[in-house]
Structures are given as C-alpha cells and as structure tokens.
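Engineer: Make a model of this:
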Amino acid sequence: MNASANDLWKVLVVEDDGNLRNLIASEVRDSGHAVKAVASAEEALSLAQTWAPDLILTDIKLPGADGIALLKRKPDIPSTPGFIIITAYGSVPQAVEALKTGADNFLTKPLDTDHLALAVRNALEVRELKETVRRFRESADDAAFHGIVGGSAPMRRLFEHLKQIARAEGPVTIGGESGTGKDLVARAIHQESSRRDAPFIPVNCAGIPENLMESELFGHTAGAYTGAVKTRRGLFDEADGGTLFLDEVAEIPATMQAKLLRVLQDGSIRPVGKNQEHSVDTRIIVATNRDLEEEMHHARFREDLFYRLEAFSLYVPALRERGDDLDLLAAYFLSHYAVREGRRVDGFSQHAIDCLRKYDFPGNVRELQNIVHSAVVFCRGSTIATEDLPERVRCASAMGGKSGPHDDQLFAEGGLLAQNEPFPSMEEMKVRYTRHLLRQMNGNKRRTAAMLGIGRKTLYRYIQGANE
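Structural biologist: Residues are numbered from 1 along each chain as shown. So this is what the prediction gives:
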C-alpha cells in the first residue's frame, strides 16, 4: 500500500483551468495528502508511471484526450489508482458513464469544497480497503497448506508436526473442538504421505447406525443378513493402500471398538457372513472433539484401543487461539463466497472486523465460514458492515468481547440460576445450560450441539431432561 503511518496518500489533479487546478490542489493538500497537478491527460499518464498516485481527480473535458480516455488507461498505471471525475452539471450523463467504466465517484462544477474533501476521503478509504483485502488474500494463499489457511504460531507448529507424522506409518488421532477443520488436517496427512495416490475415504461414525457399522466398515457377503442381496466391499477394502478417516470415533460402540482394535493389531478384516479373514493395508486416522482419555476413564472407550490410536496425535487449535488467522480466514472466505454468489463485495468495514475479532467463535472456523457466507449474501453494499453480521456477534462486541451471557443474564428469568436458589447438581446445570443455549440458537439443534461440543444423542438426552 502506498500510504502508511509515515506516508501521505498521493493525489494527482488533472485540470486544464489553472485557477480551478490550484484550488483543488490546495484543498486536497490541506486535507493532509501529497498532491501534484497537471493540465492534460497525457501529462497525467506520463507522471503516473513514476509518481504512483493513489487517486486521480480529473476533469472530463481536457485538451487532447479527455478524462474518460484517461480513466480507460487505468490498467496502464502501475499503482492502479482510484478515480474521481469532475464535470459540468450538464455533463452528468457522461459522469454516469464514467462510473460504469470504473470511476469511484464524480463531482459537478461549481465544486463544493466540503463535497470534494468527503469524496477524496471516501475514495481513499475504498482503496485502502481493497488493498487490505488483496493483501489478506495473498497472505491466505501463501499461508494455505492443503486447503488449511493459517499463519499463526500454533498453526505453523501443527503443519510441521503434520508433515513429520505423514511420513511415518501408524494410526493418527486428531483432537480439537468442533469446527476446527480436523477433516482438512486428515486429508493433509494423506496428501503429504506416500499413500497420496491411493484412496482417501472419510467416514462419519456418528452417521452410521450401530447395526450397520460392521457391514459398512468390513463389508458383507450376499445373504449375510436380511436385505444383503449382494456381496459388498467394506470401507476398509475401498481404502486399501490408502487412508481411512474415522471422524467422531468416540461414537463407535464398544463391540465395534474391539473389532477395530483387531484391525490395528494385525491388519486383518472379516466381512459379515464370511468365515475367512483377509489382510488390508489401510492407514487409519481418527478424529474426535471429545477427550478420549476421559472417555476411557469412564469406560466409554476401550483402554487398549486408546493406547493403540495414540501412536501419533495432533491437536487442532481453536480459532480463538490462532490470533491474526481470523483476518486471513475472513478474507479467504469472503473471496470464495463473493465469486460463488456472484456478488461484488470488496471487504469488511473496520467496525465489522472489530466485531469479529471480539467474538469468541465457539463454532470455530466452520462458524466463521458460515457467518461470512451469510454476510456476503445479505450485504447491501460493496462492503460488509456491522449490521450484516449475526446478532450474537454484534452483541459480543457490545459486551466487550464475550460471546456468552452477562452475569446478570445468568440469573434472569429463564436463565441458569434463580436468585438465592440452592446450587443444583452438575447434571441439572448441563440440562439448564442446554436449554438456555438452544433458546439462544432459536431452536437450531445442530448448531447447539456444535457449540456445546457434544454429539446429537447427548444433546437429545439433555433436551429431554430440559422438557421434563
């Protein structure tokens, strides 16, 4: 960017009327900008090659090439400046044409100096915004690692450990909160490994009914059970030579945990309905948003399976732990969804960015992605403003950066505690908090489960408790 904390914005004035040229130059200079003034489009184009203006104010009517012709030469100017067109009142249609050609604004003669100062300030702010977005997009591209955007210290450490683990063999456990991108990390491990040319098969363990999980993973023969009309290969066979990614591994029932352990120990599987085993060469990566060690201590996860899976482990940091990655990701998602939705959205207002920075993002990167997508769709201008963000984000900013309720909200009617109430049990508090958060999410169960970091079954159990 041409203007920094120690530099002035460069404004080039192009006007053949000497008195008006001096007036405009003086007013712009008084606003704190560096100014040069010339009388023709040819002089302006020549000067712009070396002086690199940030903004050009040009009259439409000039000797030789006019202001519109100069505007059309914008791609030839290395600094890609903004443009403000100055025109006589009767030439407003020409000014409108200039806006369609790429001008930022137009002013009519006689000039109002207040309007001039405002137009210059707005044009430079737009330029600064575009430059910031461009810089963030370039940074996001530079910081992207197999589709994972991040340049913070925690993410750099993650990338380094990921590369080391990818070169090894053995199961991998990926931990972290919901929405942090554990699936992208699993894919990156596969892409960095010697198995990159073989299949990568992702499986959502929570989405497979318990009675079908064995058949899904290991396959079955025709007639193995009612409805099994033909032999089917399981996912372990489909991933043979490659990687099988088991997401939400803590949802696997105890009986299947034992069979998964057997595969890890000797690499053998037995399809349902078949008496013989066969070997597969499949690397297993598992992910969970739960603490598997705690699950093991509560006898919900096999101890021997836990230690087998812990050969290599990675933790994906939450968004709130990643510092300036928020800005990178916001710009990355804005660029993606602006193209996808066919919207011309250049960036965020400073206030909108400040609101995002103050929000805790309990739903992590996935929540930020959804927020930016929604803001792009509903944005009424070329810049995402504060009002384009969800209410919970705006409230968090007003509350000083806390995404949860104020202390007085906790004791309000319908909150978690009543004044002077004896302390309830932890289980009762879980039920109350689930009810409170579900109300904040307008009854959206999927989002509530994601923000609580629990599975659907656990959520429904708490909801039922809340309804009793």
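Engineer: Worst mean pLDDT across the helices and strands of the chain, which element?
Structural biologist: Lowest by mean pLDDT, DSSP states H and E among the helices and strands of the chain is helix 407-410, with a mean of 43.
Engineer: what's the following helix or strand past that helix packed up against?
Structural biologist: Using DSSP states H and E, the helix or strand that follows helix 407-410 in sequence is helix 426-440. With contacts taken as 3 or more CB pairs under 8 Å, 6 or more residues apart in numbering; DSSP states H and E, helix 426-440 sits against helix 445-452, helix 456-467. For the C-beta atoms, the positions are set from N, CA and C on the backbone; glycine is no exception.
Engineer: Alpha carbons of helix 426-440, as CSV, please.
Structural biologist: Written as CSV, here are the backbone C-alpha positions of helix 426-440 (Å, rounded to 0.1, in the frame of the first residue of the first chain):
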residue,chain,number,x,y,z
MET,A,426,-23.9,-30.6,37.7
GLU,A,427,-26.2,-32.8,35.7
GLU,A,428,-29.1,-30.3,36.2
MET,A,429,-26.8,-27.4,35.3
LYS,A,430,-26.0,-29.2,32.0
VAL,A,431,-29.7,-29.6,31.2
ARG,A,432,-30.3,-25.9,32.1
TYR,A,433,-27.4,-24.7,30.0
THR,A,434,-28.5,-26.8,27.0
ARG,A,435,-32.0,-25.3,27.3
HIS,A,436,-30.5,-21.8,27.6
LEU,A,437,-28.2,-22.2,24.6
LEU,A,438,-30.9,-23.9,22.5
ARG,A,439,-33.1,-20.8,23.0
GLN,A,440,-30.2,-18.5,22.0
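Engineer: buried ones in that helix?
Structural biologist: For helix 426-440, a neighbour-count test (16 or more other CB atoms under 10 Å) marks 430-438, 440 as buried.
Engineer: And stretch 201-220, by the same measure?
Structural biologist: Buried residues in stretch 201-220, counted by 16+ other CB under 10 Å: 201-203, 205, 208, 213-220.
Engineer: Stretch 359-379 too?
Structural biologist: When neighbours are counted by 16+ other CB under 10 Å, the buried residues of stretch 359-379 are found to be 359-369, 371-373, 375-376, 379.
Engineer: Filter those down to the ones in helices?
Structural biologist: Assigned to helices by DSSP state H, the following of the buried residues of stretch 359-379 qualify: 364-369, 371-373, 375-376.
Engineer: Setting aside sequence neighbours, what's the nearest residue to residue 270?
Structural biologist: Excluding the flanking residues, the one nearest residue 270 by CB to CB, 6 or more residues apart in numbering is residue 277, at 4.4 Å.
Engineer: Surely that neighbour is in contact with residue 267?
Structural biologist: No. Using CB atoms under 8 Å, residue 277 makes no contact with residue 267, being 9.7 Å away.
Engineer: for this structure, which spans come out with low pLDDT?
Structural biologist: When residues are selected by pLDDT under 70, those of the chain lie in 1-7, 89-92, 132-143, 396-424, 440-442, 446-447, 450-453, 455-456, 465-468.
Engineer: what about residue 278, distance to residue 236?
Structural biologist: Residue 278 sits at a distance of 10 Å from residue 236 (criterion: CB to CB, to the nearest Å).
Engineer: Identify the contacts common to these two.
Structural biologist: The contact sets of residue 278 and residue 236 overlap at residue 269 (CB atoms under 8 Å, 6 or more residues apart in numbering).
Engineer: of the two, who's got more company?
Structural biologist: Set side by side, residue 278 and residue 236 show more neighbours around residue 236, with 25 against 13, by other CB atoms under 10 Å.
Engineer: what about the more buried one, which helix or strand?
Structural biologist: helix 235-238.
Engineer: now do residue 122
Structural biologist: Using DSSP H and E, residue 122 falls within helix 113-143.
Engineer: what about the closest residue to residue 193 other than its chain neighbours, which SS state?
Structural biologist: Excluding its sequence neighbours, the residue lying closest to residue 193 (CB to CB, 6+ apart) is residue 166, at 4.4 Å. Using DSSP: H, G, I helix; E, B strand; the rest coil, the three-state assignment for residue 166 comes out as helix.
Engineer: burial count for residue 166?
Structural biologist: Using other CB under 10 Å, residue 166 has 20 neighbouring residues.
Engineer: Report whether the expected contact of it with residue 192 is present.
Structural biologist: Yes. Between residue 166 and residue 192 a contact is recorded at 3.5 Å, counting by CB under 8 Å.
Engineer: So residue 172 sits against residue 286, correct?
Structural biologist: Yes. Using CB under 8 Å, residue 172 makes contact with residue 286 at a distance of 7.3 Å.
Engineer: Now do the contacts for residue 373.
Structural biologist: Residue 373 neighbours (CB under 8 Å, 6+ apart): 333, 337.
Engineer: Quick check: the gap between the closest residue to residue 79 other than its chain neighbours and residue 128.
Structural biologist: Spatially, and ignoring its direct neighbours in sequence, residue 79 is nearest to residue 52 (3.9 Å; CB to CB, 6+ apart). Per CB to CB, residue 52 is found 15 Å from residue 128.
Engineer: Also residue 329?
Structural biologist: Using CB to CB, residue 329 is found at 21 Å from residue 128.
Engineer: So the two - more neighbours on which side?
Structural biologist: Set side by side, residue 329 and residue 128 show more neighbours around residue 329, with 24 against 18, by other CB under 10 Å.
Engineer: and the more buried one, what helix or strand is that in?
Structural biologist: Here residue 329 sits within helix 325-341, counting by DSSP H and E.
Engineer: Just name whatever secondary elements the helix or strand containing residue 261 is in contact with.
Structural biologist: In the assignment (DSSP H and E), residue 261 maps to helix 254-266. Contacts defined by 3+ CB pairs under 8 Å, 6+ apart place helix 254-266 against helix 210-218, strand 283-288, helix 303-309.
Engineer: Name the residues of that helix that are buried.
Structural biologist: Across helix 254-266, burial judged by 16+ other CB under 10 Å covers 256-257, 260, 263.
Engineer: and after it, which helix or strand comes next?
Structural biologist: Heading C-terminal from helix 254-266, the first helix or strand you meet, by DSSP H and E, is strand 268-269.
Engineer: Any chance of the backbone angles for residue 175?
Structural biologist: Per-residue torsions, residue 175: phi -110, psi 170 (degrees, to the nearest 10).
Engineer: Now it. Nearest residue, chain neighbours left out?
Structural biologist: Closest residue to residue 175 apart from its sequence neighbours, by CB to CB, 6+ apart: residue 315 at 5.0 Å.
Engineer: show me the contacts for the one you found.
Structural biologist: By CB under 8 Å, 6+ apart, the contact set of residue 315 is 158, 174-176.
Engineer: Check residue 262 too.
Structural biologist: Taking CB under 8 Å, 6+ apart, one finds residue 268 in contact with residue 262.
Engineer: separation between it and residue 70?
Structural biologist: The gap separating residue 262 from residue 70 is 75 Å, by CB to CB.
Engineer: which ones are touching residue 241?
Structural biologist: 195, 198-199, 281-282.
Engineer: Compare those residues and tell me which is most surrounded.
Structural biologist: Of those, residue 282 is surrounded by the most neighbours, 22 neighbours in total, counting by other CB under 10 Å.
Engineer: and the closest residue to residue 39 other than its chain neighbours, how many neighbours does it have?
Structural biologist: Nearest residue to residue 39, sequence neighbours excluded (CB to CB, 6+ apart): residue 16, at 4.8 Å. When neighbours are counted by other CB under 10 Å, residue 16 registers 15.
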